[in-house]
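Engineer: predicted coordinates and the sequence they were generated for:
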Amino acid sequence: MSPLATYLMETAVTLVAIVALAVLVLYGARRLGVGRPAGPLRLVGRLPLDGRRAIYLVRVEKRVLVLGASEAGLHKLGELEGEHSELDAPESPAFREVLARVMGKRKPSGDEDAA
């Protein structure tokens, strides 16, 4: 075997070994629960506005915070107090309905499908 072929073979074996080790470490970390949410904080909803801006609904114990995210950071836009169990239901209300409620606006009647 030529020195170039030996070098390429060693490089390929090393690359495969590194990828296999990375997969094992990620699998083990996932099994241990690394990166999973813990505590009273839970993401309820997300509304992307564009590539760098979004609005988030975040549950912190019994409160639901409405947060605006942009390149400037996170800003609290409003908050809902109380249980709000309807946000945890599989058929949770549309994000715009919750946002309108937080911002103090009522949803117009008969405007079910309007954006």
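Structural biologist: Looks like it arrived, so ask away.

Engineer: pull the residues that contact stretch 26-39.
Structural biologist: L43 (C-beta atoms under 8 Å, 6 or more residues apart in numbering). Placement of C-beta: from N, CA and C, glycine included.

Engineer: and the average pLDDT for it is what?
Structural biologist: The average pLDDT within stretch 26-39 is 80.

Engineer: only C-alpha atoms, please: export stretch 2-9 in PDB.
Structural biologist: Taking Å, rounded to 0.1, in the frame of the first residue of the first chain, the C-alpha atoms of stretch 2-9 are listed here in PDB:
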ATOM      1  CA  SER A   2       1.300   3.500  -0.800                       C
ATOM      2  CA  PRO A   3       1.800   6.100   1.900                       C
ATOM      3  CA  LEU A   4      -1.000   8.200   0.500                       C
ATOM      4  CA  ALA A   5      -3.500   5.300   0.700                       C
ATOM      5  CA  THR A   6      -2.400   4.400   4.200                       C
ATOM      6  CA  TYR A   7      -2.900   8.100   5.300                       C
ATOM      7  CA  LEU A   8      -6.300   8.200   3.700                       C
ATOM      8  CA  MET A   9      -7.300   5.000   5.400                       C
END
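
Engineer: avg pLDDT for that stretch?
Structural biologist: Average pLDDT, stretch 2-9: 93.

Engineer: what about the residue nearest to the spatial centre of the chain, which SS state?
Structural biologist: Here the mean C-alpha position of the chain is nearest to the C-alpha of L43 (C-alpha atoms, centre = their mean), at a distance of 6.7 Å. Assigned with DSSP: H, G, I helix; E, B strand; the rest coil, L43 falls in the strand class.

Engineer: please begin residue numbering at 42 from this point
Structural biologist: Sure, I'll start numbering at 42, so the last one becomes L84.

Engineer: now it, which residues is it bridged with?
Structural biologist: V99 (DSSP bridges).
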